[in-house]
Each structure stands twice: as C-alpha cells, then as structure tokens.
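Novice: fold the following and give me the result.
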Amino acid sequence: MSPNTPIYPPGSNSLVIPSNLPDFFLKSTESLAKCPKQTGPALDFLQKHGHLTPTSSASQEHQPRADADVDAAARPLILHVFSNGGVLSLLATLLGIQLTNRQLARPVTALILDSAPIPRTSEAVHESAYLMTMALPRMLQVVFRPVVYAVLCAVDLVLYRWIGVKPRLDVNCDALLADADLARVPKLVLYSLGDEMVRPWHVEKFLGMLTSSMDTSERVEEKTYSISGQPATTSGDGVEPARVDRSLSHGGLVSVVRFPKDSRHVQHLRKYTEEYRSAVAKFIGLARL
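Specialist: Numbering: from 1, shown residues only. Predicted structure coming up:
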C-alpha cells in the first residue's frame with residue numbers, strides 16, 4: 001500500500017466528530033445528544049448523505065432533503081472511534097438520532113475502536129490523573145499528579161462507591177455493549193502494549209465483556225493480528241497473523257490488532273502507517289464490505 005492509499009473503501013464519505021476533556025467529565029451523554037453544537041454537524045452530515053430516515057413520528061423537518069445523496073444508503077457506514085472521548089461522541093450521536101425521531105437508513109456496517117474503551121473507571125484512576133496533568137510542564141506534573149490522583153481516589157470512593165453514581169467510563173462501556181445499532185456489527189479493535197492512558201489490559205477486559213454480552217448461539221470468525229515492530233514493507237505485510245488467543249461468540253466478526261510498546265495512545269496510524277492501513281484493509285475484506 002502506498003502512503004496515499006485511502007483507509008476506507010472508494011466512494012466513502014468521512015466525518016470527523018471532535019470531543020474535549022471538559023465535556024467528557026462534566027456532561028452526560030443525553031446532554032451532549034441534545035446540544036446542536038455537539039451532535040448537530042454529525043446529524044446534518046448523515047441526513048444530507050442519506051444515512052438517516054424519519055421514524056413514523058418524525059416531523060416534516062426531518063423528511064429527506066431535496067439535495068440528499070440518494071445512493072448513500074447503499075454504501076457502507078463505517079464508524080471509526082478514537083479513545084474514550086470518541087466513544088462518548090459516538091454514543092451521543094446515536095442517541096441524538098433517536099431524540100430527533102430519526103433512524104439509520106441502513107445498519108452500521110463496521111465499528112473500528114482505536115485505543116478504547118476503558119471498561120471501568122475504578123481501574124483507571126492512575127491513567128485519569130495522567131491525562132489531567134499531561135499538559136503541564138514536567139516539573140509541575142511531579143507536584144500535581146499525586147494530588148490529582150488522591151482527589152480522584154476520594155471521588156471514586158465517595159461518589160461512585162458510597163453514593164452509587166455511575167462514572168463516565170462505566171456508562172460509556174455499558175452503553176457500547178448494549179446499543180442495539182452496534183451489538184451485531186463487525187468490530188476492529190486496535191490497541192498497544194505501550195499506551196499509558198488506555199492500558200492493554202483495559203481493552204482486553206472489554207473484549208472479555210464483549211464475549212459475555214453476546215448471544216452464544218452463533219459462532220463467528222475472529223482474526224487476531226500483532227504488529228512485529230519491524231519496518232513495514234511496501235506491500236503492507238507488516239501485519240502478521242498471530243495466535244488467536246480468545247474465542248468470541250458474536251453476531252459478527254471481531255478483529256484485534258496489537259501494536260508494540262513504542263506506539264502510544266491514538267498514535268498507531270502515525271507510528272505504523274502501513275501496518276495500520278493494512279489492518280483496516282484486511283478487516284474490511286474479512287467483513288466483506
């Protein structure tokens with residue numbers, strides 16, 4: 001694959017949905033879904049390109065647009081999510097579709113999860129402290145990171161464990177597992193052994209939860225790849241098939257890619273460009289998109 005080879009199939013439309021740290025910690029999924037500034041651009045994009053149709057109770061406002069792309073409903077709809085903020089943006093967008101009395105014209109074709117999710121907040125207090133202080137100068141990090149960590153431990157103990165408030169990461173993961181639009185969607189999960197924010201065991205625990213949440217009546221194909229860390233060849237053969245170390249029962253394909261320790265949080269495409277593109281291409285081929 002050349003550096004100019006697109007990641008997605010020809011004719012695909014791409015939409016970038018940003019997320020930010022304050023929204024992640026301070027706003028609920030529903031409040032984001034109801035905020036036009038947050039989900040409006042995504043909903044307008046999906047509506048314009050024909051990926052949304054009105055429900056029976058929809059108003060005239062959400063009827064198909066005159067300039068809508070009528071061929072879009074026949075195209076794959078691939079959701080590519082980066083980190084836990086991306087998971088929140090995805091869930092808010094899907095909820096926003098429901099709240100505006102619309103539905104997807106065609107089921108989601110594939111879901112790609114890059115460096116996400118963390119399934120349980122209580123297991124990521126250290127990583128949260130790292131995230132909140134990473135923008136500070138190094139000397140200030142040494143001072144403030146232990147303080148932030150202590151505060152987060154207190155919040156976890158009092159607010160989450162004693163009072164019973166469900167924390168953001170738990171809500172994200174549970175909603176991701178339970179969402180009807182995503183339950184049987186082929187999934188590509190990409191993570192690394194060197195991610196200091198979303199640890200490899202976080203993602204692997206999510207994969208285990210994914211197993212237990214699915215209908216075990218259907219056995220499906222799972223593909224696992226590991227990146228060797230060696231320079232990629234021009235053909236993108238740096239993605240080597242690895243031993244399949246888990247058997248997932250799921251109504252769709254699950255493909256897992258592990259990057260080595262020198263690939264940091266959401267940096268896999270930048271660090272291993274050819275391998276990343278090759279992994280996505282292999283996944284798309286396996287999912288028969």
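Novice: quick one: the strands in this protein?
Specialist: Taking DSSP state E, the strands of the chain run over residues 52-54, 78-82, 102-104, 110-114, 187-192, 222-227, 239-241, 254-259.
Novice: for residue 23, which of those is the nearest?
Specialist: Closest approach to residue 23 among these (CB to CB): strand 78-82, 14.9 Å. No exception for glycine: its C-beta is placed from N, CA and C like everyone else's.
Novice: now find how far off-centre that closest one is within its chain.
Specialist: 5 Å (CA atoms, centre = their mean, to the nearest Å).
Novice: before we move on, what about stretch 7-27?
Specialist: 9 Å.
Novice: before we move on, what about stretch 107-116?
Specialist: 6 Å.
Novice: so which bits of that stretch are buried?
Specialist: Across stretch 107-116, burial judged by 16 or more other CB atoms under 10 Å covers 108, 109, 110, 111, 112, 113, 114, 115, 116.
Novice: which residues are in contact with the residue lying closest to residue 141 once chain neighbours are set aside?
Specialist: Nearest residue to residue 141, sequence neighbours excluded (CB to CB, 6 or more residues apart in numbering): residue 133, at 5.1 Å. Neighbouring residues of residue 133 by CB atoms under 8 Å, 6 or more residues apart in numbering: 140, 141, 144, 145, 148.
Novice: local confidence estimate at residue 133?
Specialist: The score at residue 133 is 73. That number is its pLDDT.
Novice: residue 256 versus that one, what's the distance?
Specialist: The span separating residue 133 from residue 256 equals 31 Å under the rule CB to CB, to the nearest Å.
Novice: and for residue 41?
Specialist: In terms of CB to CB, residue 41 sits 31 Å off from residue 256.
Novice: the more surrounded of these two?
Specialist: Taking neighbours as other CB atoms under 10 Å, residue 41 and residue 256 compare with residue 256 leading, 25 against 15.
Novice: now residue 195: phi and psi?
Specialist: phi -70, psi 120 (degrees, to the nearest 10).
Novice: what's the neighbour count on it?
Specialist: Neighbours of residue 195 (other CB under 10 Å): 23.
Novice: repeat for residue 79
Specialist: 20.
Novice: and the pLDDT at it?
Specialist: Residue 79 is given a pLDDT of 90.
Novice: distance of the residue lying closest to it once chain neighbours are set aside relative to residue 18?
Specialist: Nearest residue to residue 79, sequence neighbours excluded (CB to CB, 6+ apart): residue 111, at 5.0 Å. Separation of residue 111 from residue 18 (CB to CB) stands at 19 Å.
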